[in-house]
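Enquirer: Sequence plus the predicted model coming up.
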Amino acid sequence: MTEQHVNEPAPGVPTIYQWMGGEEALNRLTEVFYGHVMKDPLLAPVFAGMDERHPRHVAMWLAEVFGGPSTYSAERGGHPHMARMHLGRGITEAQRRRWVDLLQDSADEVGLPTDPEFRAVFTYYIEWGTRMALIYSGDNPPPVNAADVPRWHWGQTPPWQPNN
């Protein structure tokens, strides 16, 4: 596997991290999301015994993926650490889909932007990332050091910004 490369944002275009509200928005998202996860009959068993800092760690990961600070790599070990956390978990497709649905619902609940450009890029990463988690949790995962933290950008559709 190789690092995910999507077009870099043009000068003056905010990163996805900035567009979504930065660290505060991601912390809010992951706190609300994991609150729902822990009550969900399909997902709660997967996260039984979850470290209370897990939502913060996922917020750090998402921040780095979406163009924010590289704190997850610096403090948690980057992609190899994230990949190791999924090894042997045997995540099912039903669990992956529920995770995606709950995260999308939580994004609505905490007020992340709803513009189509942001939601398309957000969903693109969530779909890709959860499918990678499925692969790493399965019987024949790739080497955990096979990739760097993926970096998601606007790609073909930058955010619409009125001319001021």
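Expert: That came through, no problem.

Enquirer: mind checking the SS state of the most centrally placed residue in the chain?
Expert: By C-alpha atoms, centre = their mean, the chain has its centre lying nearest to Leu62, at 4.4 Å. When classified by DSSP: H, G, I helix; E, B strand; the rest coil, Leu62 comes out as helix.

Enquirer: Distance of the residue nearest to it when sequence neighbours are not counted relative to Val65?
Expert: If the residues on either side of it in the chain are set aside, Leu62 comes closest to Leu26, at 5.3 Å by C-beta to C-beta, 6 or more residues apart in numbering. Where you see a C-beta, it was placed from the backbone N, CA and C, and this is true even at glycine. Here Leu26 is placed at a distance of 10 Å from Val65 (C-beta to C-beta, to the nearest Å).

Enquirer: What of Asp101?
Expert: When distances are taken as C-beta to C-beta, Asp101 and Val65 turn out to be 19 Å apart.

Enquirer: neighbour count winner among these two?
Expert: Residue environment comparison for Asp101 versus Val65 gives the larger neighbour count to Val65, 21 against 13, counting by other C-beta atoms under 10 Å.

Enquirer: which residues does the more buried one contact?
Expert: When contacts are counted by C-beta atoms under 8 Å, 6 or more residues apart in numbering, Val65 is found next to 125, 129, 149-152.

Enquirer: Where in this protein is the helix or strand with the lowest mean pLDDT?
Expert: Considering only helices and strands, the least confidently modelled element of the chain by mean pLDDT, DSSP states H and E is helix 78-84, at a mean of 86.
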